[in-house]
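S.K.: fold the following.
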Amino acid sequence: MLSRSATPKKSSQWAAPYLAVGVVWGCSFIFIKLGLEFLTPFGVAFGRCALGAVTLLIVARVQGFTLPQGRAIRFHLWIVALLLNVFPGILFALAETEVTSILAGIINAVTPLMTLIAILVVNREEKPKPFQIVGLAIGFSGVLIVLGAWKGLGDNPLWAILVLLLAVTCYGFSFPYTRRFVMPYRLQPESIVAMQLTLAAVTLLPFYLIDGISSDNYSLGPVLGMLTLGIFGSGFAYLWNFRVMELAGSAIASSVTYLTPLVAVIVGLAFLNEHLTWHEPVGALVVLLGAAIAQERIPLRKRETNR
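M.R.: From the prediction side, this is the model:
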């Protein structure tokens with residue numbers, strides 16, 4: 001099992017993989033945009049899952065990890081694959097045919113809020129705490145600021161915004177499902193993700209064969225973008241994230257959510273020359289503030305100390 005806390009000796013070792021995860025996942029939105037130059041949304045989703053699966057299967061073989069066996073665990077991993085890879089992979093790519101990679105990266109930061117909602121929906125006996133309600137309210141106010149709701153949605157089609165929100169909703173529901181149905185098997189995280197991505201790739205293969213390629217113009221930039229998205233974004237980044245969790249604990253590992261939108265904004269501006277309105281970064285900060293409050297990373301009041 002992975003350690004939940006870091007020793008002082010280990011704390012100095014997690015910075016490099018942490019930054020690597022943040023940069024790779026933050027750049028994934030620009031890689032999706034590049035992939036769409038020659039692939040359809042189905043093709044982008046299949047490509048990243050297939051490349052990630054091959055990468056992790058090779059790692060599993062080299063390091064001697066055993067893939068999960070049995071119909072029950074593979075069925076549960078297939079459900080996780082749908083929620084975490086198949087549906088979001090298609091939906092993010094579909095939305096990015098109309099919206100900027102910057103906006104997609106910012107909306108992705110809503111994932112912690114959707115996860116909290118999913119946990120409350122699944123565990124109905126668990127009543128939301130006041131700080132969670134405040135965090136959700138602030139976070140979704142940030143979404144409205146990002147979109148510039150007071151002036152309509154600008155150049156962003158409503159359907160594309162809804163598709164992005166549906167994608168992060170899938171992310172949100174994947175976590176309580178994994179905790180309830182997958183974690184009890186106590187499997188190696190690397191073997192879980194390798195099988196999960198394999199099942200995702202197999203699921204997407206028929207869609208790729210039917211409608212996966214949009215253009216025969218395979219220029220170097222988009223091809224390299226897809227290779228990086230699959231091998232690193234859907235492959236090695238998971239291993240690096242597990243390493244951070246092992247060295248620094250799950251709280252630090254999950255905080256990479258706050259880094260990825262910053263990276264998405266920087267690379268979108270620098271490499272795609274995308275337009276950024278003033279309210280998008282402001283709204284992103286409000287979203288991240290709401291997420292931090294909802295996760296109690298920023299307490300609303302001082303915790304009482306035992307006297």
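S.K.: in this protein, where is pLDDT below threshold?
M.R.: Counting by pLDDT under 70, the chain has low-confidence residues at 1-12, 153, 302-307.
S.K.: hmm, try it at 50
M.R.: Within the chain, the stretches with pLDDT under 50 are 1-9, 305-307.
S.K.: helix, strand, or coil at residue 37?
M.R.: coil (DSSP: H, G, I helix; E, B strand; the rest coil).
S.K.: quick check: it touching residue 215?
M.R.: Yes. Applying CB atoms under 8 Å, one finds residue 37 in contact with residue 215, separated by 6.8 Å. C-beta coordinates here come from the backbone N, C-alpha and C atoms, glycine included.
S.K.: quick one, which of these two is more surrounded?
M.R.: For residue 37 versus residue 215, neighbours defined as other CB atoms under 10 Å are more numerous around residue 37 (16 against 12).
S.K.: so what's the more buried one closest to, chain neighbours aside?
M.R.: residue 222 (4.3 Å; CB to CB, 6 or more residues apart in numbering).
S.K.: could you do residue 85 as well?
M.R.: Closest to residue 85 by CB to CB, 6+ apart is residue 200, at 3.9 Å.
S.K.: packing partners of the helix or strand hosting that neighbour?
M.R.: Using DSSP states H and E, residue 200 sits in helix 189-211. Contacts defined by 3 or more CB pairs under 8 Å, 6 or more residues apart in numbering; DSSP states H and E place helix 189-211 against helix 41-63, helix 71-81, helix 87-95, helix 237-248.
S.K.: quick one: residue 102 and residue 268 touch, right?
M.R.: Yes. Under the criterion of CB under 8 Å, residue 102 makes contact with residue 268 at 3.8 Å.
S.K.: how deep is residue 16 tucked in, by neighbour count?
M.R.: Neighbours of residue 16 using other CB under 10 Å come to 12.
S.K.: output the contacting helices and strands for the strand or helix carrying it.
M.R.: Residue 16 is located in helix 15-35, with elements delineated by DSSP H and E. Judged by 3+ CB pairs under 8 Å, 6+ apart, the packing partners of helix 15-35 are helix 41-63, helix 87-95, helix 101-108, helix 220-228, helix 237-248, helix 260-271.
S.K.: closest one to residue 20 among those?
M.R.: helix 237-248 (5.1 Å; CB to CB).
S.K.: export that closest one as PDB, just CAs?
M.R.: What follows is helix 237-248, C-alpha atoms only, in PDB (Å, rounded to 0.1, in the frame of the first residue of the first chain):
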ATOM      1  CA  ALA A 237       2.400  10.900 -15.500                       C
ATOM      2  CA  TYR A 238       0.300   8.300 -13.500                       C
ATOM      3  CA  LEU A 239       3.500   6.600 -12.400                       C
ATOM      4  CA  TRP A 240       5.000  10.000 -11.300                       C
ATOM      5  CA  ASN A 241       1.800  10.800  -9.500                       C
ATOM      6  CA  PHE A 242       2.000   7.500  -7.600                       C
ATOM      7  CA  ARG A 243       5.600   8.400  -6.700                       C
ATOM      8  CA  VAL A 244       4.500  11.700  -5.300                       C
ATOM      9  CA  MET A 245       1.800  10.000  -3.300                       C
ATOM     10  CA  GLU A 246       4.300   7.500  -1.900                       C
ATOM     11  CA  LEU A 247       6.800  10.200  -0.900                       C
ATOM     12  CA  ALA A 248       4.600  13.100   0.100                       C
END
